[in-house]
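Visitor: everything below, folded, please.
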Amino acid sequence: VQLQASGGGLVQAGGSLRLSCSASESIFRFSYMRWFRQAPGKTRELVAGISSSSNPFYVDSVKGRFTISRDNAKNTVYLQMNNLKLEDTAVYYCNVLKSRFTGGKDVWGQGTLVTVSS
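Guide: Model prediction:
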């Protein structure tokens with residue numbers, strides 16, 4: 001499977017963006033799809049994930065502001081980001097958790113840059 005992330009851009013603090021992650025094949029069999037981010041000079045961190053049954057989870061820093069969803073019919077996972085803060089600036093990556101359907105390896109998209117300005 002290949003992943004294509006899009007939707008990043010420049011936004012003012014308090015604004016919103018919606019990221020999309022389009023997969024090259026059906027995503028319904030993937031147990032978890034996730035969004036990570038990597039800020040300059042920092043390690044990549046998990047932001048949110050969603051299970052095959054559409055149960056979401058979030059890191060504390062984005063709870064109440066970000067919403068992850070998946071559309072299996074469109075093979076796409078979304079990350080709606082509201083009330084963006086300066087510290088949300090990062091490259092965002094979508095990810096498929098490794099499974100037998102991915103050859104036992106995590107799959108990563110190419111990343112999309114989100115820049116939040118004051």
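Visitor: when you work out contacts or count neighbours from here on, use the C-alpha atoms and nothing else.
Guide: Will do.
Visitor: touching, Cys21 and Gln2? I think so.
Guide: No. Counting by Cα atoms under 8 Å, Cys21 does not reach Gln2; the two are 9.9 Å apart.
Visitor: show me what the spatially most central residue of the chain is bridged to.
Guide: With distances taken as Cα atoms, centre = their mean, Trp35 lies nearest the centre of the chain, 2.7 Å away. Beta-bridge pairing of Trp35 under DSSP bridges involves Ala48, Cys94.
Visitor: residues contacting stretch 29-36, please?
Guide: 44-52, 77, 79, 92-97, 99, 101 (Cα atoms under 8 Å, 6 or more residues apart in numbering).
Visitor: just give me the neighbour total for the nearest residue to Ala5 once chain neighbours are set aside.
Guide: Distances taken as Cα to Cα, 6 or more residues apart in numbering put Cys21 closest to Ala5, at 4.3 Å, once the chain neighbours are dropped. Neighbour count of Cys21, defined by other Cα atoms under 10 Å: 27.
Visitor: swap in Arg70?
Guide: When neighbours are counted by other Cα under 10 Å, Arg70 registers 24.
Visitor: does it touch Tyr78 like I think?
Guide: Yes. Arg70 is within contact range of Tyr78, at 6.1 Å (criterion: Cα under 8 Å).
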